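> Quick one, what's the 3D model for this:
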Amino acid sequence: MNAVFQPKEFQICNVPVPKGYPQSQTHAGVAYCNGRVYLTTSPYPSVKYKRIVAYIRAIIRKLTNKIYPPIWGDILENPMLYFGEKDEIAPIRFNPFVGNPLVPTPPHLFGLPTLNSDPDILILPNKHLYVINREVIRKKKCEGHTFIYHLRVNLLEFNLNGGLPTYQSSAYIYETSENIISPSIRYINGLFHIFYLNTTSYRTGSTECNLYVRTDNDIKGKYADRREILIESKIYTPWHLSVFDHKGKQYAIIACIKDGIKGRCYQMLGEFNENMTTLRIYQKPLVDIPSYRGAAFVSDSGEFILYSTTVHYRLKGSKAVDGRDVFMVSKSFECLLNELKNA
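Presented below is the predicted three-dimensional model:
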């Protein structure tokens, strides 16, 4: 089955990393407000070691039973914030926030490497911009590369002065040992919603996956109210997701593995039912090249605009060290829905 979008349609984005970071981007999140597009990412530069270095690292791991030294991608997988130019509805050139990265790598509290991951973005009508970020602290190594985690969900607040973000504050909104994958924050019907997945699909090929949502009437609340959302899908299992709104209805961009095959994601569109108890995943991919977390919005004119990230796949014009780039593609949302429903 052909995907909706083909690689020749993709426009590679210029999303510069801070000094000292190799060019690499993943985990796209996007928001649109007052004629400007805002983007969140996190780099994950892959390191290719010479054979002798790889052997030495393997011996050290075996002797010490530790991951040593920390993985380069983990250390630099820190949240970034970008913005397009005013009145560009689908920009491919982004300006970096001067404070990137937004937070540093968490401290290695238990002697194992830690990381940030999966930033997402929300803009409220009062011109406040929020970035949510997942801090992963490995507490204990079990067998193989299985870890017990402690996760902290961090919320960063910005004001939009003239459309440009100004940092205000950050706070942990909750800490947990629950497996939280790809949290996405939205404001729906007077409540703040954090959607997230619990799965190992991409790493292991498992087809087990649970989707949850936590809600609170305060964006910095405890989010103690949790419920599960049923996933309707045949051969695709979610790994990452982001949620967006169009005309009061909720949709999702979902990075999925296919048929239990680990290590390769397809970009899919999902649609929530009216009371958000079920997420139905359309079974025709939006994008079928190796890709990771994507995000989308629908413009005032009805154009569906998707930003996603490649994984070791070089688009024309790529300057990434590892084939990890942000790309953009667009299509009438009405036409897209018709195509997916008729597939």
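
> Please make it C-alpha for all contacts and neighbour counts, starting now.
Will do.

> low-scoring stretches of this structure, by residue?
1, 47-72, 142-147 (pLDDT under 70).

> For it, just list every one of the helices.
Ranges of helices in the chain, per DSSP state H, are 51-64, 72-76, 201-204, 333-341.

> what helices or strands is the shortest one leaning on?
This means helix 201-204. The criterion is 3 or more C-alpha pairs under 8 Å, 6 or more residues apart in numbering; DSSP states H and E, and the helices and strands that helix 201-204 contacts are strand 236-246, strand 249-258.

> contacts for the first one?
Contacting residues not belonging to strand 236-246 are listed as 29, 120, 181-186, 195-197, 199-202, 207-209, 250-260, 265, 283, 292-298 [C-alpha atoms under 8 Å, 6 or more residues apart in numbering].

> Just the buried ones among those residues, please.
29, 120, 181-186, 195-197, 199-202, 207, 250-258, 260, 265, 283, 292-298 (16 or more other C-alpha atoms under 10 Å).

> Can you get me a residue count around Gly20?
7 (other C-alpha atoms under 10 Å).

> what sits against it?
By C-alpha under 8 Å, 6+ apart, the contact list for Gly20 is empty.

> With the one 10 residues further on instead?
By C-alpha under 8 Å, 6+ apart, the residues touching Val30 are 37-40, 120-121, 295-297, 307.

> Please identify which of the residues you listed is nearest to Glu157.
Among those, Ile121 lies closest to Glu157 (C-alpha to C-alpha), at 10.1 Å.

> and the gap between the closest one and Arg186?
9 Å (C-alpha to C-alpha, to the nearest Å).

> Who does the nearest residue to Phe297 once chain neighbours are set aside form a beta bridge with?
Leaving aside its sequence neighbours, Phe297 sits nearest to Ile305 (C-alpha to C-alpha, 6 or more residues apart in numbering; 5.6 Å). Beta bridges link Ile305 to Phe297, Ser330 when assigned by DSSP bridges.

> what's near enough to touch Ile123?
Ile123 is in contact with 31-33, 129-130, counting by C-alpha under 8 Å, 6+ apart.

> typo on my end, Tyr282
233, 268-271, 340-341.

> Any idea how many residues pack against Leu124?
Per other C-alpha under 10 Å, the neighbour tally for Leu124 reads 11.

> Pro79 contacts Gly99, correct?
No. Applying C-alpha atoms under 8 Å, one finds Pro79 not in contact with Gly99, separated by 10.5 Å.

> So which of these two has more stuff around it?
Each of Pro79 and Gly99 has its neighbours counted (other C-alpha under 10 Å); Pro79 has more, 26 against 12.

> ok, the more buried one - contacts?
Pro79 is in contact with 40-43, 100-103, 116-119, 133, counting by C-alpha under 8 Å, 6+ apart.

> How about it, nearest residue that isn't a chain neighbour?
Ser42 is the one closest to Pro79 (C-alpha to C-alpha, 6+ apart), at 4.7 Å.

> if I look at the one you found, how far off is Ile219?
With the distance defined as C-alpha to C-alpha, Ser42 ends up 23 Å from Ile219.

> Which one's more surrounded, those two?
Per other C-alpha under 10 Å, whichever of Ser42 and Ile219 has more neighbours is Ser42, with 26 against 18.

> My guess is Ile194 contacts Leu211. True?
No. If you go by C-alpha under 8 Å, Ile194 and Leu211 don't touch, sitting 10.7 Å apart.

> so where do the strands sit in the stretch 101-250 of the chain?
114-123, 128-141, 147-161, 164-176, 181-188, 191-199, 209-216, 225-232, 236-246, 249-258 (DSSP state E, counting those that start in this stretch).

> what would those strands look like in TSV with distance to Asp322?
Listed next are the strands of the stretch 101-250 of the chain as TSV, based on distance: least, C-alpha to C-alpha, whole Å:
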stretch	distance to Asp322
strand 114-123	18
strand 128-141	23
strand 147-161	26
strand 164-176	29
strand 181-188	22
strand 191-199	25
strand 209-216	29
strand 225-232	33
strand 236-246	20
strand 249-258	19
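
> Out of those strands, the one nearest Phe5 is which?
strand 249-258 (14.0 Å).

> May I have the closest one as PDB, with CA atoms only?
In PDB, the C-alpha atoms belonging to strand 249-258 read as follows (Å, rounded to 0.1, in the frame of the first residue of the first chain):
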ATOM      1  CA  LYS A 249     -12.300  17.300  17.300                       C
ATOM      2  CA  GLN A 250      -9.000  15.600  18.400                       C
ATOM      3  CA  TYR A 251      -6.600  13.800  16.100                       C
ATOM      4  CA  ALA A 252      -3.200  12.300  16.600                       C
ATOM      5  CA  ILE A 253       0.000  11.800  14.600                       C
ATOM      6  CA  ILE A 254       1.300   8.400  15.600                       C
ATOM      7  CA  ALA A 255       4.700   6.800  14.900                       C
ATOM      8  CA  CYS A 256       4.000   3.100  14.600                       C
ATOM      9  CA  ILE A 257       5.800  -0.100  14.000                       C
ATOM     10  CA  LYS A 258       4.300  -2.500  11.500                       C
END
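
> For that strand, which helices and strands make contact with it?
Counting contacts by 3+ C-alpha pairs under 8 Å, 6+ apart, strand 249-258 packs against helix 201-204, strand 236-246, strand 265-272, strand 295-298.

> switch to 10 Å and redo it
When contacts are defined as 3 or more C-alpha pairs under 10 Å, 6 or more residues apart in numbering; DSSP states H and E, strand 249-258 sits against strand 181-188, helix 201-204, strand 236-246, strand 265-272, strand 278-281, strand 287-291, strand 295-298, strand 303-309.
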